[in-house]
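Enquirer: Prediction below, plus the sequence it came from.
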Amino acid sequence: MNKIRITAMLSAGLMLFAGNSLAQDLSDKQLVRTLGRVEGAAPAIDIAILVEEASASAGKGVASLPHWKELSKLSQLIVEIDFENDSVAIEPKSYRTVGLIADALHHPNLRRYKFLVVGHSSSTGEAQHNLTLSQKRADAITNALSTTFAIAQDRLYAVGVGQEWPLDPNNPKAADNRRVQLINLGLVR
Amino acid sequence: MHTRLSFVAGATLLALLSLTSASWAETISFADAVTTLATDCGSDIKKHCKGLNLGEGKIQACIEKNAGKVSPTCTATLANVTASIKQRLAAQSSFAKVCEHDAAQYCSGVKGEGNLLSCLVKAKRVNERPCGQVITDAGWR
């Protein structure tokens, strides 16, 4: 029940494992290690452009999200956080995952960094609705992190991309596509 | 009303306990704290707090508002969880100040909070001192 399936996707230059991803039970120490690997040449990300691209491309897929591809160059993890149906309320069974993220983000190795939470949905339902809901859910996660766990607000950003960037493009309705990406955006200035 | 009163009394007692014991009590991680909340209050939250999120104290307010309906275990757990989170946050934010002296003595020239922490954790003498206790309470070992 408390077992959390977490897929750690390490970006290309930082790849430690042979596969693209691995499923594991994650600890906050592993989170700190994975998210703390920062490359000097990491691109700067403009959140406003991401939001603009996502809202202009509901239903058009990943091809119309050129700036989003930059994100794959950054240290990141994929976690599963479950919500009540059609709601921004995080299911109690996923509280632990949010707590783990809070533990990691408070660690001295990560305290200087800011993070982006990206909400993804499957393609079940209407594209525009999925986009709006995924943005609200990403907001709910950063809201919980900044209020319940006192992570400084200037370290947290949230965007939703709806169904546009499926993990499994051949099977966009699959539940695996519902996921949360946690991305290290680099130093807080 | 009676439940409400005893909840307040329980919470006050816990708050007092956590105050007096703050210097030595084991703290727990945020993940463990909210896991306990989910385990002991999960069904009450789903029943009485539908649609509410973990942020902004909304779950806490909802459980307190429904104190007469939620299980006594959940009420007690909520107070514990709130205290645990506060305790760990307090330890983490006191790190810089409490460890300032030891940092200067054992890790002078070490740059960056992460590197400083690794240095302090390795310094044997530090572990027996308040700085060592703060590192433990902060969950950074």
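Expert: Perfect, thanks for sending it.

Enquirer: Quick one: the helices in chain A, in order.
Expert: In chain A, the helices defined using DSSP state H lie at A:28-36, A:47-56, A:95-106, A:127-147.

Enquirer: now do chain B
Expert: B:2-21, B:30-48, B:58-65, B:72-98, B:100-106, B:113-122, B:124-127, B:130-138.

Enquirer: As TSV, these with distance to chain A would be great.
Expert: From N, CA and C alone the C-beta is placed, and that goes for glycine too. Shown next, in TSV, are these (distance: least, CB to the nearest CB, whole Å):
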stretch	distance to chain A
helix B:2-21	17
helix B:30-48	4
helix B:58-65	8
helix B:72-98	5
helix B:100-106	12
helix B:113-122	4
helix B:124-127	15
helix B:130-138	8
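
Enquirer: want to try TSV for the ones you listed, with distance to A:Lys29, mean pLDDT and mean neighbour count as columns?
Expert: Output for these, formatted as TSV (distance: least, CB to CB, whole Å; pLDDT from 0 to 100; neighbours: other CB atoms under 10 Å in any protein chain shown):
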stretch	distance to A:Lys29	mean pLDDT	mean neighbour count
helix B:2-21	26	48	13
helix B:30-48	11	96	22
helix B:58-65	27	96	18
helix B:72-98	16	95	19
helix B:100-106	22	96	16
helix B:113-122	13	95	17
helix B:124-127	19	90	15
helix B:130-138	14	95	20
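
Enquirer: can you put these in a markdown table and add distance to A:His129?
Expert: Below are these laid out as a markdown table (distance: least, CB to CB, whole Å):
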| stretch | distance to A:His129 |
| --- | --- |
| helix B:2-21 | 40 |
| helix B:30-48 | 23 |
| helix B:58-65 | 24 |
| helix B:72-98 | 34 |
| helix B:100-106 | 52 |
| helix B:113-122 | 42 |
| helix B:124-127 | 54 |
| helix B:130-138 | 42 |
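
Enquirer: Quick one: end-to-end distance for stretch B:38-56.
Expert: One end of stretch B:38-56 sits 17 Å from the other (CA to CA, to the nearest Å).

Enquirer: wait, I meant stretch A:175-189
Expert: Using CA to CA, the end-to-end distance of stretch A:175-189 comes to 37 Å.

Enquirer: Quick one: distance of it to the chain centre.
Expert: Per CA atoms, centre = their mean, to the nearest Å, the displacement of stretch A:175-189 from the mean C-alpha position of its chain is 3 Å.

Enquirer: Just the buried positions in it, please.
Expert: By 16 or more other CB atoms under 10 Å in any protein chain shown, the buried positions in stretch A:175-189 come out as A:177-186.

Enquirer: next one: stretch A:27-39
Expert: So, applying 16+ other CB under 10 Å, buried residues of stretch A:27-39: A:28, A:30-35, A:38.

Enquirer: ok, now stretch A:122-135?
Expert: Using 16+ other CB under 10 Å as the test for burial, stretch A:122-135 gives A:122-123, A:127, A:130-135.

Enquirer: ok, residues contacting that stretch?
Expert: Stretch A:122-135 has contacts (CB atoms under 8 Å, 6 or more residues apart in numbering or on different chains) with A:51, A:54-55, A:58-59, A:86, A:88, A:119-121, A:158-164, A:166, A:172-178.

Enquirer: same check, this time on stretch A:148-158
Expert: A:47, A:98-99, A:102, A:105-106, A:113-119, A:135, A:138-139, A:141-142, A:145-146, A:185, A:188, B:30, B:34, B:54-57, B:85, B:89.

Enquirer: hmm, which of these are the buried ones?
Expert: Buried members of these, scored by 16+ other CB under 10 Å, are A:98-99, A:102, A:105-106, A:113-119, A:135, A:138-139, A:141-142, A:145-146, A:185, B:30, B:34, B:54-55, B:85, B:89.

Enquirer: for the buried residues of stretch A:27-39, which one is nearest B:Glu26?
Expert: Nearest to B:Glu26, judged by CB to CB, of those is A:Asp28 at 16.4 Å.

Enquirer: from memory that closest one sits against A:His107, does it?
Expert: Yes. Under the criterion of CB atoms under 8 Å, A:Asp28 makes contact with A:His107 at 7.2 Å.

Enquirer: how about the buried residues of stretch A:27-39 in TSV, adding pLDDT and distance to B:His48?
Expert: Converted to TSV, the buried residues of stretch A:27-39 look like this (pLDDT from 0 to 100; distance: CB to CB, whole Å):
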residue	pLDDT	distance to B:His48
A:Asp28	83	30
A:Gln30	86	35
A:Leu31	89	32
A:Val32	91	35
A:Arg33	88	39
A:Thr34	88	37
A:Leu35	91	35
A:Val38	79	43
